[in-house]
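Enquirer: predicted model, plus sequence, below.
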There are 2 protein chains.
Amino acid sequence: MPPHEHPAAADSARELIAAHGGRVTRTRVAVIEALQRSAHPLSHDEIGATLDGAGIGHDRVTLYRALDWLVEQGIAQRIAGGERAWRFEIRRDGDHRHAHFHCERCGQIVCLEDVPAAAPTLPAGFAVARAELVLHGACADCGRAGVEGKEG
Amino acid sequence: MPPHEHPAAADSARELIAAHGGRVTRTRVAVIEALQRSAHPLSHDEIGATLDGAGIGHDRVTLYRALDWLVEQGIAQRIAGGERAWRFEIRRDGDHRHAHFHCERCGQIVCLEDVPAAAPTLPAGFAVARAELVLHGACADCGRAGVEGKEG
DNA sequence: AATCTAATGCTACAATGTTGCATCAAAAGC
DNA sequence: GCTTTTGATGCAACATTGTAGCATTAGATT
(Lines give C-alpha, C1' and ligand atoms only; values in the text may rest on other atoms or scores of the structure.)
Protein backbone atom coordinates (compact mmCIF):
# COMPACT_ATOMS: atom_id res chain seq x y z
CA MET A 1 0.00 0.00 0.00
CA PRO A 2 1.40 3.41 -0.92
CA PRO A 3 2.26 5.24 2.29
CA HIS A 4 0.92 8.59 1.07
CA GLU A 5 -2.70 7.44 0.91
CA HIS A 6 -5.30 7.05 3.54
CA PRO A 7 -5.41 3.28 3.89
CA ALA A 8 -9.11 3.13 4.68
CA ALA A 9 -10.16 5.30 1.76
CA ALA A 10 -8.00 3.38 -0.67
CA ASP A 11 -9.33 0.09 0.63
CA SER A 12 -12.95 1.13 0.42
CA ALA A 13 -12.47 2.35 -3.12
CA ARG A 14 -10.69 -0.85 -4.12
CA GLU A 15 -13.32 -3.00 -2.50
CA LEU A 16 -16.09 -1.00 -4.13
CA ILE A 17 -14.58 -1.52 -7.56
CA ALA A 18 -13.87 -5.20 -7.02
CA ALA A 19 -17.34 -5.80 -5.63
CA HIS A 20 -18.74 -4.64 -8.96
CA GLY A 21 -16.51 -6.97 -10.92
CA GLY A 22 -14.24 -4.28 -12.32
CA ARG A 23 -10.49 -4.07 -12.44
CA VAL A 24 -8.90 -2.03 -9.72
CA THR A 25 -6.95 0.60 -11.60
CA ARG A 26 -5.20 3.74 -10.43
CA THR A 27 -7.65 5.90 -12.31
CA ARG A 28 -10.78 4.38 -10.84
CA VAL A 29 -9.42 4.35 -7.31
CA ALA A 30 -8.33 7.96 -7.58
CA VAL A 31 -11.65 9.07 -9.08
CA ILE A 32 -13.65 7.39 -6.35
CA GLU A 33 -11.45 8.85 -3.66
CA ALA A 34 -11.72 12.30 -5.17
CA LEU A 35 -15.50 12.04 -5.24
CA GLN A 36 -15.62 10.66 -1.72
CA ARG A 37 -13.45 13.45 -0.38
CA SER A 38 -15.45 16.19 -2.06
CA ALA A 39 -18.40 17.75 -0.29
CA HIS A 40 -19.96 18.71 -3.60
CA PRO A 41 -20.30 17.14 -7.06
CA LEU A 42 -17.24 17.46 -9.26
CA SER A 43 -17.00 18.15 -12.95
CA HIS A 44 -14.95 16.00 -15.28
CA ASP A 45 -12.42 18.79 -15.38
CA GLU A 46 -12.11 19.10 -11.62
CA ILE A 47 -11.61 15.37 -11.27
CA GLY A 48 -8.96 15.50 -13.97
CA ALA A 49 -7.12 18.20 -12.06
CA THR A 50 -7.19 16.04 -8.96
CA LEU A 51 -5.66 13.14 -10.86
CA ASP A 52 -2.96 15.39 -12.23
CA GLY A 53 -2.29 16.62 -8.71
CA ALA A 54 -1.92 13.04 -7.54
CA GLY A 55 0.57 12.38 -10.31
CA ILE A 56 -1.74 9.93 -12.03
CA GLY A 57 -1.37 10.06 -15.76
CA HIS A 58 -4.60 9.95 -17.71
CA ASP A 59 -6.37 11.51 -20.63
CA ARG A 60 -9.85 12.87 -21.16
CA VAL A 61 -11.20 9.69 -22.66
CA THR A 62 -9.99 7.43 -19.89
CA LEU A 63 -11.56 9.69 -17.34
CA TYR A 64 -14.86 9.84 -19.21
CA ARG A 65 -14.89 6.09 -19.43
CA ALA A 66 -14.03 5.62 -15.80
CA LEU A 67 -16.86 7.94 -14.86
CA ASP A 68 -19.24 6.24 -17.25
CA TRP A 69 -18.42 2.94 -15.64
CA LEU A 70 -18.97 4.27 -12.15
CA VAL A 71 -22.36 5.65 -13.13
CA GLU A 72 -23.25 2.44 -14.93
CA GLN A 73 -22.41 0.47 -11.80
CA GLY A 74 -24.43 2.77 -9.61
CA ILE A 75 -21.34 3.81 -7.69
CA ALA A 76 -21.58 7.40 -8.84
CA GLN A 77 -24.30 9.49 -10.40
CA ARG A 78 -24.44 12.29 -12.90
CA ILE A 79 -25.99 15.67 -12.21
CA ALA A 80 -27.00 17.97 -15.05
CA GLY A 81 -26.91 20.91 -12.64
CA GLY A 82 -25.00 23.94 -13.73
CA GLU A 83 -23.91 24.59 -17.26
CA ARG A 84 -23.20 22.20 -20.06
CA ALA A 85 -20.87 19.82 -18.31
CA TRP A 86 -21.97 16.93 -16.20
CA ARG A 87 -21.02 16.74 -12.56
CA PHE A 88 -20.48 13.56 -10.62
CA GLU A 89 -20.98 12.54 -7.05
CA ILE A 90 -20.69 9.32 -5.10
CA ARG A 91 -23.96 7.59 -4.43
CA ARG A 92 -24.32 7.00 -0.76
CA ASP A 93 -26.87 4.37 0.21
CA GLY A 94 -30.41 5.67 0.05
CA ASP A 95 -29.06 9.17 -0.09
CA HIS A 96 -29.10 9.75 -3.79
CA ARG A 97 -32.29 11.71 -4.12
CA HIS A 98 -31.34 15.04 -2.63
CA ALA A 99 -31.62 18.36 -4.42
CA HIS A 100 -28.73 20.50 -5.63
CA PHE A 101 -28.06 24.17 -5.60
CA HIS A 102 -26.28 25.84 -8.49
CA CYS A 103 -24.68 29.15 -7.62
CA GLU A 104 -24.79 31.41 -10.65
CA ARG A 105 -22.16 33.61 -9.04
CA CYS A 106 -19.35 31.11 -8.38
CA GLY A 107 -20.60 28.27 -10.55
CA GLN A 108 -20.41 25.84 -7.65
CA ILE A 109 -22.88 23.03 -7.16
CA VAL A 110 -23.87 22.40 -3.56
CA CYS A 111 -25.61 19.29 -2.28
CA LEU A 112 -28.73 20.03 -0.29
CA GLU A 113 -28.82 16.83 1.69
CA ASP A 114 -31.86 17.93 3.65
CA VAL A 115 -33.92 18.78 0.61
CA PRO A 116 -35.41 15.71 -1.05
CA ALA A 117 -35.87 15.66 -4.81
CA ALA A 118 -39.03 13.65 -4.70
CA ALA A 119 -41.34 13.19 -7.64
CA PRO A 120 -44.83 14.60 -7.10
CA THR A 121 -47.98 13.05 -8.51
CA LEU A 122 -47.78 12.76 -12.26
CA PRO A 123 -50.29 12.29 -15.05
CA ALA A 124 -51.18 8.64 -15.65
CA GLY A 125 -48.71 6.65 -17.69
CA PHE A 126 -45.56 8.44 -16.60
CA ALA A 127 -42.94 6.23 -14.96
CA VAL A 128 -40.36 8.23 -13.03
CA ALA A 129 -36.90 6.72 -12.69
CA ARG A 130 -35.31 9.66 -10.92
CA ALA A 131 -36.00 13.26 -10.07
CA GLU A 132 -33.59 16.13 -10.41
CA LEU A 133 -34.28 19.26 -8.47
CA VAL A 134 -31.79 22.02 -9.12
CA LEU A 135 -32.16 25.43 -7.55
CA HIS A 136 -30.37 28.32 -9.16
CA GLY A 137 -29.33 31.50 -7.42
CA ALA A 138 -26.64 32.74 -5.08
CA CYS A 139 -25.13 30.43 -2.49
CA ALA A 140 -24.52 31.40 1.12
CA ASP A 141 -20.90 32.40 0.52
CA CYS A 142 -21.61 34.50 -2.55
CA GLY A 143 -24.74 36.02 -1.02
CA ARG A 144 -22.67 37.24 1.91
CA ALA A 145 -20.00 38.71 -0.32
CA GLY A 146 -22.38 41.18 -1.94
CA VAL A 147 -25.82 41.44 -3.44
CA GLU A 148 -25.03 42.58 -6.96
CA GLY A 149 -21.29 42.70 -7.49
CA LYS A 150 -18.73 39.96 -7.39
CA GLU A 151 -17.10 41.34 -4.26
CA GLY A 152 -18.59 43.13 -1.30
CA MET B 1 -48.74 39.84 -44.37
CA PRO B 2 -47.71 36.55 -45.94
CA PRO B 3 -50.86 34.55 -46.72
CA HIS B 4 -49.43 31.26 -45.46
CA GLU B 5 -49.18 32.36 -41.84
CA HIS B 6 -51.75 32.58 -39.14
CA PRO B 7 -52.36 36.31 -38.91
CA ALA B 8 -52.97 36.30 -35.19
CA ALA B 9 -49.86 34.34 -34.36
CA ALA B 10 -47.67 36.47 -36.58
CA ASP B 11 -49.11 39.63 -35.08
CA SER B 12 -48.64 38.50 -31.52
CA ALA B 13 -45.04 37.54 -32.21
CA ARG B 14 -44.36 40.86 -33.92
CA GLU B 15 -46.00 42.81 -31.15
CA LEU B 16 -44.11 40.85 -28.54
CA ILE B 17 -40.79 41.65 -30.19
CA ALA B 18 -41.62 45.30 -30.75
CA ALA B 19 -42.88 45.68 -27.19
CA HIS B 20 -39.41 44.72 -26.01
CA GLY B 21 -37.71 47.26 -28.25
CA GLY B 22 -36.24 44.75 -30.66
CA ARG B 23 -36.31 44.67 -34.41
CA VAL B 24 -38.94 42.48 -35.95
CA THR B 25 -37.00 40.05 -38.08
CA ARG B 26 -38.05 36.90 -39.88
CA THR B 27 -35.90 34.78 -37.59
CA ARG B 28 -37.30 36.10 -34.34
CA VAL B 29 -40.90 35.94 -35.54
CA ALA B 30 -40.45 32.39 -36.77
CA VAL B 31 -38.71 31.29 -33.58
CA ILE B 32 -41.44 32.71 -31.38
CA GLU B 33 -44.14 31.14 -33.50
CA ALA B 34 -42.39 27.80 -33.42
CA LEU B 35 -42.15 27.94 -29.65
CA GLN B 36 -45.74 29.08 -29.31
CA ARG B 37 -47.01 26.31 -31.52
CA SER B 38 -45.07 23.59 -29.73
CA ALA B 39 -46.59 21.84 -26.75
CA HIS B 40 -43.14 21.06 -25.40
CA PRO B 41 -39.79 22.82 -25.16
CA LEU B 42 -37.71 22.77 -28.33
CA SER B 43 -34.00 22.32 -28.76
CA HIS B 44 -31.93 24.70 -30.84
CA ASP B 45 -31.77 22.00 -33.46
CA GLU B 46 -35.50 21.46 -33.62
CA ILE B 47 -36.11 25.16 -33.96
CA GLY B 48 -33.55 25.30 -36.73
CA ALA B 49 -35.37 22.54 -38.57
CA THR B 50 -38.61 24.49 -38.27
CA LEU B 51 -36.98 27.56 -39.77
CA ASP B 52 -35.60 25.50 -42.62
CA GLY B 53 -39.05 24.04 -43.18
CA ALA B 54 -40.49 27.55 -43.36
CA GLY B 55 -37.87 28.47 -45.94
CA ILE B 56 -36.21 30.95 -43.62
CA GLY B 57 -32.49 31.06 -44.18
CA HIS B 58 -30.40 31.22 -41.05
CA ASP B 59 -27.29 29.84 -39.49
CA ARG B 60 -26.50 28.38 -36.10
CA VAL B 61 -25.13 31.60 -34.70
CA THR B 62 -28.11 33.71 -35.68
CA LEU B 63 -30.44 31.23 -34.08
CA TYR B 64 -28.39 31.10 -30.89
CA ARG B 65 -28.41 34.87 -30.71
CA ALA B 66 -32.13 35.11 -31.39
CA LEU B 67 -32.77 32.64 -28.60
CA ASP B 68 -30.37 34.43 -26.26
CA TRP B 69 -32.24 37.64 -26.89
CA LEU B 70 -35.61 36.05 -26.22
CA VAL B 71 -34.35 34.63 -22.94
CA GLU B 72 -32.73 37.92 -22.02
CA GLN B 73 -36.03 39.70 -22.63
CA GLY B 74 -37.96 37.18 -20.60
CA ILE B 75 -39.96 36.12 -23.63
CA ALA B 76 -38.55 32.60 -23.57
CA GLN B 77 -36.73 30.52 -21.02
CA ARG B 78 -34.05 27.89 -21.09
CA ILE B 79 -34.44 24.41 -19.67
CA ALA B 80 -31.45 22.21 -18.93
CA GLY B 81 -33.68 19.16 -19.04
CA GLY B 82 -32.53 16.25 -21.10
CA GLU B 83 -29.03 15.87 -22.42
CA ARG B 84 -26.40 18.45 -23.11
CA ALA B 85 -28.36 20.86 -25.23
CA TRP B 86 -30.60 23.57 -23.91
CA ARG B 87 -34.27 23.56 -24.68
CA PHE B 88 -36.45 26.60 -25.00
CA GLU B 89 -40.06 27.38 -24.30
CA ILE B 90 -42.24 30.46 -24.37
CA ARG B 91 -42.84 32.04 -21.03
CA ARG B 92 -46.52 32.36 -20.41
CA ASP B 93 -47.51 34.82 -17.71
CA GLY B 94 -47.04 33.45 -14.25
CA ASP B 95 -46.76 30.00 -15.69
CA HIS B 96 -43.02 29.65 -15.91
CA ARG B 97 -42.32 27.58 -12.83
CA HIS B 98 -43.69 24.21 -13.82
CA ALA B 99 -41.70 20.99 -13.80
CA HIS B 100 -40.55 19.06 -16.84
CA PHE B 101 -40.43 15.42 -17.69
CA HIS B 102 -37.56 14.01 -19.70
CA CYS B 103 -38.37 10.73 -21.41
CA GLU B 104 -35.23 8.62 -21.57
CA ARG B 105 -36.87 6.49 -24.23
CA CYS B 106 -37.79 9.04 -26.85
CA GLY B 107 -35.71 11.93 -25.60
CA GLN B 108 -38.74 14.21 -25.50
CA ILE B 109 -39.24 16.87 -22.88
CA VAL B 110 -42.81 17.26 -21.68
CA CYS B 111 -44.15 20.20 -19.71
CA LEU B 112 -45.91 19.23 -16.53
CA GLU B 113 -48.05 22.30 -16.20
CA ASP B 114 -49.76 20.99 -13.10
CA VAL B 115 -46.56 20.23 -11.25
CA PRO B 116 -44.97 23.32 -9.73
CA ALA B 117 -41.19 23.54 -9.49
CA ALA B 118 -41.18 25.38 -6.22
CA ALA B 119 -38.13 25.85 -4.06
CA PRO B 120 -38.41 24.26 -0.64
CA THR B 121 -36.91 25.70 2.50
CA LEU B 122 -33.19 26.18 2.14
CA PRO B 123 -30.29 26.67 4.52
CA ALA B 124 -29.82 30.28 5.58
CA GLY B 125 -28.02 32.49 3.10
CA PHE B 126 -29.19 30.81 -0.06
CA ALA B 127 -31.07 33.06 -2.47
CA VAL B 128 -33.04 31.13 -5.05
CA ALA B 129 -33.65 32.78 -8.39
CA ARG B 130 -35.36 29.84 -10.05
CA ALA B 131 -36.03 26.19 -9.49
CA GLU B 132 -35.72 23.46 -12.06
CA LEU B 133 -37.46 20.20 -11.39
CA VAL B 134 -36.83 17.59 -14.05
CA LEU B 135 -38.20 14.09 -13.77
CA HIS B 136 -36.54 11.37 -15.79
CA GLY B 137 -38.17 8.15 -16.88
CA ALA B 138 -40.60 6.92 -19.50
CA CYS B 139 -43.40 9.15 -20.74
CA ALA B 140 -46.98 8.02 -21.21
CA ASP B 141 -46.53 7.22 -24.89
CA CYS B 142 -43.31 5.26 -24.46
CA GLY B 143 -44.59 3.53 -21.34
CA ARG B 144 -47.58 2.26 -23.29
CA ALA B 145 -45.43 1.04 -26.17
CA GLY B 146 -43.54 -1.46 -24.04
CA VAL B 147 -41.83 -1.83 -20.73
CA GLU B 148 -38.29 -2.72 -21.77
CA GLY B 149 -37.95 -2.61 -25.52
CA LYS B 150 -38.32 0.26 -27.92
CA GLU B 151 -41.47 -1.17 -29.45
CA GLY B 152 -44.31 -3.17 -27.91
C1' DA C 1 -34.52 57.34 -50.93
C1' DA C 2 -30.92 58.05 -47.51
C1' DT C 3 -29.37 57.04 -43.00
C1' DC C 4 -28.36 54.60 -38.84
C1' DT C 5 -27.40 50.62 -36.51
C1' DA C 6 -29.40 46.20 -34.80
C1' DA C 7 -29.30 41.81 -36.56
C1' DT C 8 -27.47 38.58 -39.68
C1' DG C 9 -24.21 35.25 -41.73
C1' DC C 10 -19.72 33.86 -42.37
C1' DT C 11 -15.32 32.03 -40.50
C1' DA C 12 -12.91 30.48 -36.96
C1' DC C 13 -12.68 28.84 -32.49
C1' DA C 14 -13.68 26.78 -27.61
C1' DA C 15 -15.66 23.35 -24.62
C1' DT C 16 -17.56 18.95 -23.89
C1' DG C 17 -18.08 14.39 -25.08
C1' DT C 18 -17.52 10.00 -28.27
C1' DT C 19 -15.46 6.29 -31.43
C1' DG C 20 -11.84 3.17 -33.20
C1' DC C 21 -7.88 0.89 -32.47
C1' DA C 22 -3.27 -0.36 -30.95
C1' DT C 23 -1.01 -0.97 -26.52
C1' DC C 24 -0.67 -1.85 -21.61
C1' DA C 25 -1.43 -3.96 -17.36
C1' DA C 26 -4.72 -6.27 -13.75
C1' DA C 27 -6.47 -10.65 -12.70
C1' DA C 28 -6.20 -15.48 -13.43
C1' DG C 29 -3.81 -19.69 -14.62
C1' DC C 30 0.27 -22.37 -14.75
C1' DG D 1 7.52 -15.94 -10.81
C1' DC D 2 6.11 -16.20 -15.70
C1' DT D 3 2.56 -16.43 -19.20
C1' DT D 4 -1.98 -15.71 -20.78
C1' DT D 5 -6.24 -13.30 -21.18
C1' DT D 6 -8.85 -9.46 -21.82
C1' DG D 7 -10.45 -5.21 -19.48
C1' DA D 8 -8.69 -0.69 -19.25
C1' DT D 9 -5.85 2.77 -21.09
C1' DG D 10 -3.93 6.34 -24.26
C1' DC D 11 -3.76 8.37 -28.62
C1' DA D 12 -5.78 10.45 -32.77
C1' DA D 13 -9.58 11.81 -34.95
C1' DC D 14 -14.14 13.17 -34.86
C1' DA D 15 -19.09 14.88 -33.31
C1' DT D 16 -21.96 18.09 -30.90
C1' DT D 17 -23.02 22.30 -28.72
C1' DG D 18 -22.10 26.85 -28.08
C1' DT D 19 -19.13 31.67 -28.73
C1' DA D 20 -16.30 35.53 -30.66
C1' DG D 21 -14.97 38.80 -34.33
C1' DC D 22 -16.19 41.22 -38.18
C1' DA D 23 -18.02 42.55 -42.72
C1' DT D 24 -22.60 42.82 -44.73
C1' DT D 25 -27.64 43.10 -44.73
C1' DA D 26 -31.90 44.87 -43.69
C1' DG D 27 -35.41 46.92 -40.10
C1' DA D 28 -36.68 51.29 -38.39
C1' DT D 29 -36.55 56.20 -38.82
C1' DT D 30 -36.12 60.66 -41.08
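Expert: Done, it's in.
Enquirer: the domain parsing of chain A - what is it?
Expert: Using automatic domain parsing, the domain ranges for chain A come out as A:1-84, A:97-152.
Enquirer: quickly, which of the ones you listed bottoms out on average pLDDT?
Expert: Note on the domains of chain A: lowest mean pLDDT is at domain A:97-152, with a mean of 79.
Enquirer: which SS class is A:A131?
Expert: Three-state call for A:A131 (DSSP: H, G, I helix; E, B strand; the rest coil): strand.
Enquirer: closest one to B:G55 among the domains of chain A?
Expert: Among the domains of chain A, domain A:1-84 comes nearest to B:G55, with 31.0 Å by CB to CB. Placement of C-beta: from N, CA and C, glycine included.
Enquirer: on that earlier part again, what's the closest of the domains of chain A to DNA strand D?
Expert: When the domains of chain A are compared by CB to the nearest atom of the strand, domain A:1-84 sits nearest DNA strand D, at 3.2 Å.
Enquirer: how about the residue in chain A that DNA strand C sits nearest to, what does it touch?
Expert: Per CB to the nearest atom of the strand, A:V24 is where chain A lies closest to DNA strand C, at 3.3 Å. A:V24 sits next to A:14, A:17-18 when contact means CB atoms under 8 Å, 6 or more residues apart in numbering or on different chains.
Enquirer: number of residues surrounding A:V61?
Expert: 8 (other CB atoms under 10 Å in any protein chain shown).
Enquirer: name the nearest residue to the residue lying farthest from the centre of chain A, ignoring sequence neighbours.
Expert: Centroid-distance maximum for chain A: A:A124 at 32.4 Å, with CA atoms, centre = their mean. Among residues not flanking A:A124 along the chain, B:A140 sits closest, at 6.9 Å (CB to CB, 6 or more residues apart in numbering or on different chains).
Enquirer: the one you found touches A:P123, doesn't it?
Expert: Yes: between B:A140 and A:P123 a contact is recorded at 6.6 Å, counting by CB atoms under 8 Å.
Enquirer: the more surrounded of the two?
Expert: B:A140 (16 against 13).
Enquirer: could you redo the domains of chain A as JSON lines and give each row distance to B:A49?
Expert: Output for those, formatted as JSON lines (distance: least, CB to CB, whole Å):
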{"stretch": "domain A:1-84", "distance to B:A49": "21"}
{"stretch": "domain A:97-152", "distance to B:A49": "26"}
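Enquirer: circling back: separate out the buried members of the contacts of A:V24.
Expert: A:14, A:17 (16 or more other CB atoms under 10 Å in any protein chain shown).
Enquirer: just the closest of the contacts of A:V24 to A:R84, please.
Expert: Using CB to CB, the contacts of A:V24 come closest to A:R84 at A:I17, 28.6 Å.
Enquirer: quick check: which element contains the closest one?
Expert: helix A:7-19 (DSSP states H and E).
Enquirer: which residues sit against the next helix or strand after that helix?
Expert: Going down the chain from helix A:7-19, the next helix or strand is helix A:26-37, by DSSP H and E. Identification of contacts with helix A:26-37 by CB under 8 Å, 6+ apart yields A:5-6, A:9-10, A:12-14, A:16-17, A:22, A:42, A:47, A:50-51, A:54, A:56, A:58, A:62-63, A:66-67, A:69-70, A:75-76, A:88-90.
Enquirer: residue boundaries of the strands in chain A?
Expert: A:42-43, A:76-79, A:87-90, A:98-103, A:109-116, A:127-138 (DSSP state E).
Enquirer: what residues of the last one count as buried?
Expert: For strand A:127-138, a neighbour-count test (16+ other CB under 10 Å) marks A:127, A:131-138 as buried.
Enquirer: which one of those is nearest A:V110?
Expert: The closest of the buried residues of strand A:127-138, once distances to A:V110 are taken by CB to CB, is A:L135, at 9.2 Å.
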